[in-house]
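> Quick one, what's the 3D model for this:
(one chain, ligands or ions: 1)
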Amino acid sequence: MKITMIGGGYVGLVSSACLAAFGATVTLVEKDPQRLDALQRGEIPIYEPGLDALLCEQRAVGRLVLCSSIAQGLKEAEAVFIAVGTPARRGSGHADLSYVYAVAREIAEAAPHNLLIVTKSTVPVGTGREVSRIVNSLRPDLHFSVASNPEFLREGQAIADFMNPDRVIIGLDQKSDDKGTRARELLTTLYHPLNHPETRLVFMGLESAELTKYAANAFLAMKVTFANEMADLCEATGADSDEVRHAIGLDPRIGPDFLIPGPGFGGSCFPKDTQALAVTARKAGAPSPLVETTIASNEARKRRMAERILTLLGDLTHPRTVAILGLTFKANTDDMRQAPSLTVLPLLYEAGLTLRVYDPHGMEQARALLPDGIYFARNALDAAQGTDLLVILTEWEEFLHITPSELQKSMKGRLIVDYRGLWKNREFASCGLVYHRIGKKDQTKKEGT
Ligand code: UDX
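Modelled structure (predicted):
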């Protein structure tokens, strides 16, 4: 089966590589000449474990080709996937659909024959139908159908998520002449190599598929936020958040996942999708106060993470130096979008602290986004050098190899603040270090430097 993927961003690259591995012949269209050149040279613009090898392998066997023009890409395609960005529009929280609609117009102008047009980008309810309207108005002669096939990939494990998904959501245009039959057949063929495709492919209407993506992400964002609020309550009351988390997770209606408290959710999906869902819900006359509160609670939390550090440091009239380990929004990605570090670090910097930071893969991206004057260290122990306090902001596995005695030798002070619970089983006290983490009784009130 021949398909075209439009957009060589995160979703487009992962989907192209994986669908090629499933046996499809994929043409990936990337408009940005620099990005396309880099891809042609085998340079992958994002850090995603396994992606470079898979892309390289699929190009070598000829199942994946790259080009810059939609017209060229569509020549023999049976289906075209739109995987361009849908960033949040500045200020409003609306998803910016200008790229999606521009691509729809180009597809309409270039499509040589009967075609299935699939939206893979995360798009608000109604987008698929608008794509259909645009194409139809420009090419009333063209036989085409639309479908929605949103992605649920987690950064850092996107290949495994694609190859072995919990479910593949497929929204069909049930109002079309064939009630979505052709789309159903094509997408069933495409995903056939999955284990047990009959139980994994979930067919529904266009609007349901579009909303499912937002509802899933908003629910997970809400769950993390709830876990964060409960962890605060544990600290305030003397309860232990690990014990409470484990106990509530045993109830299958709640489940154990997504209950690890942290410095607030970030990334390319949760912040953008919760915003967009809140706007959609208000516009539709069915507002979601739960989602709106989740957004506000998360924003406040990121600021509180900085305030906590300042409280622990106490007297700020003397110069203070703080090490930050981890800058990306989570581990195993170089993605800095909406990372808690982007809120926490500027607040600490404005408070007059000297900052020494390190991240295994996010340094380059972070440098462009954080205040000048921050020291970007060579490694974690270099960041720790001479500092009064050390913070873990991202749960990189590499930090597990650092020992308390190495920290004690590198640091000047003795405060460790672990916002991910990464070092929870370490013995710090024997090295004279004081260990703070989320969800344990608040020690800020009794400890100083
Ligand atoms: C998410 C969804 O999981 C994926 O299905 C969707 O389509 C895209 O958005 P991703 O953004 O890669 O994927 O991150 P994820 O691993 O889900 O984590 C999201 C945020 O929640 C991160 O900031 C993470 O640190 C935080 N988180 C997650 C917690 O703080 N605690 C948890 O227990 C889980």
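> Give me the below-cutoff pLDDT ranges for this structure.
442-449 (pLDDT under 70).
> What residues does it have near the ligand?
Residues of the chain lying close to the ligand (CB under 6 Å from any ligand atom) are 151-155, 217, 220, 224, 258-260, 262, 265-267, 269-270, 329-330. Where C-beta positions appear, they are placed from N, C-alpha and C, glycine not excepted.
> Show the buried residues in those residues.
151-153, 155, 217, 220, 224, 258-260, 262, 265-267, 269-270, 329-330 (16 or more other CB atoms under 10 Å).
> tell me the strands in the protein, going along the chain?
Taking DSSP state E as the test, the strands found in the chain are 2-6, 25-29, 64-67, 79-82, 115-119, 144-148, 168-172, 201-205, 321-325, 354-358, 375-376, 389-392, 415-418, 434-437.
> just the angle between the first one and strand 115-119, please?
Which is strand 2-6. 40 degrees (axes from the mean of the first three to the mean of the last three CA atoms, to 10 degrees).
> what packs against strand 2-6?
helix 10-21, strand 25-29, helix 70-73, strand 79-82 (3 or more CB pairs under 8 Å, 6 or more residues apart in numbering; DSSP states H and E).
> quick one: which of those is nearest L313?
With CB to CB, the closest approach to L313 among those belongs to helix 10-21: 37.3 Å.
> Give me the residues contacting the closest one.
If you take CB atoms under 8 Å, 6 or more residues apart in numbering as the criterion, helix 10-21 is touched by 3, 5-6, 8, 26, 28, 30, 39, 44, 46, 48, 51, 54-55, 57-58, 63-64, 81, 83-84, 120-121, 151, 153, 155, 158-159, 162-163, 190, 268.
> How far does the top helix by length along the chain sit from its chain's centre?
Longest helix in the chain, counting residues (DSSP state H): helix 206-237. Put simply, helix 206-237 sits 14 Å off its chain's centre (CA atoms, centre = their mean, to the nearest Å).
> in it, what counts as buried?
206-214, 216-218, 220-228, 230-232, 234-235.
> Can you name every helix or strand that that helix contacts?
Short answer (3+ CB pairs under 8 Å, 6+ apart): helix 206-237 packs on helix 127-138, strand 144-148, strand 168-172, helix 241-249, helix 270-283, helix 289-313.
> Looking at those, which one is packed in the most?
strand 144-148 (a mean of 25; mean count of other CB atoms under 10 Å).
> helices and strands around it, which ones?
On a contact count with 3+ CB pairs under 8 Å, 6+ apart, strand 144-148 meets strand 115-119, helix 127-138, strand 168-172, helix 181-190, helix 206-237.
> For it, which strands pair with it and how are they oriented?
Here strand 144-148 is paired, per DSSP bridges, with strand 115-119 (parallel), strand 168-172 (antiparallel).
> Take the ones you listed and lay them out in a markdown table including distance to L422.
Shown next, in a markdown table, are the strands paired with strand 144-148 (distance: least, CB to CB, whole Å):
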| stretch | distance to L422 |
| --- | --- |
| strand 115-119 | 38 |
| strand 168-172 | 33 |
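> so which of these gets nearest V434?
Closest to V434 of those is strand 168-172 (CB to CB; 47.4 Å).
> That closest one vs strand 201-205, what angle?
Going by the same axes, to 10 degrees, strand 168-172 makes 30 degrees with strand 201-205.
> angle of strand 168-172 against helix 206-237?
140 degrees.
> which outside residues touch strand 168-172?
Residues outside strand 168-172 that contact it (CB under 8 Å, 6+ apart): 128, 147-150, 152, 179-180, 183-184, 187, 191, 194, 197, 200-210, 212-213.
> run the last query once more with 7 Å
128, 147-150, 180, 183-184, 187, 191, 200-206, 208-210, 212 (CB atoms under 7 Å, 6 or more residues apart in numbering).
> chain center to it: distance?
21 Å.
> Kindly report the same for stretch 346-362.
22 Å.
> Next, the distance between the ends of that stretch.
Taking CA to CA, to the nearest Å as the measure, stretch 346-362 stretches 17 Å from start to finish.
> With stretch 108-123 instead?
So stretch 108-123: terminal residues 19 Å apart, CA to CA.
> Also stretch 44-60?
Start-to-end, stretch 44-60 (CA to CA) is 15 Å.
> Ok, stretch 176-196 next?
Using CA to CA, the two ends of stretch 176-196 sit 28 Å apart.
> mind listing what's buried in that stretch?
S176, G180, R182, A183, R184, L186, L187, T189, L190, Y191, L194.
> Please verify my assumption that the last one contacts T188.
No: between L194 and T188 there is no contact, the gap being 10.2 Å when judged by CB atoms under 7 Å.
> one step back: need the helices and strands packed on strand 2-6 in CSV (columns: distance to V344).
Shown next, in CSV, are these (distance: least, CB to CB, whole Å):
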stretch, distance to V344
helix 10-21, 24
strand 25-29, 37
helix 70-73, 41
strand 79-82, 35
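> mind checking which of those is nearest I438?
helix 10-21 (28.7 Å).
> how many degrees apart are that closest one and strand 25-29 in direction?
Here helix 10-21 runs at an angle of 160 degrees relative to strand 25-29 (the same axes, to 10 degrees).
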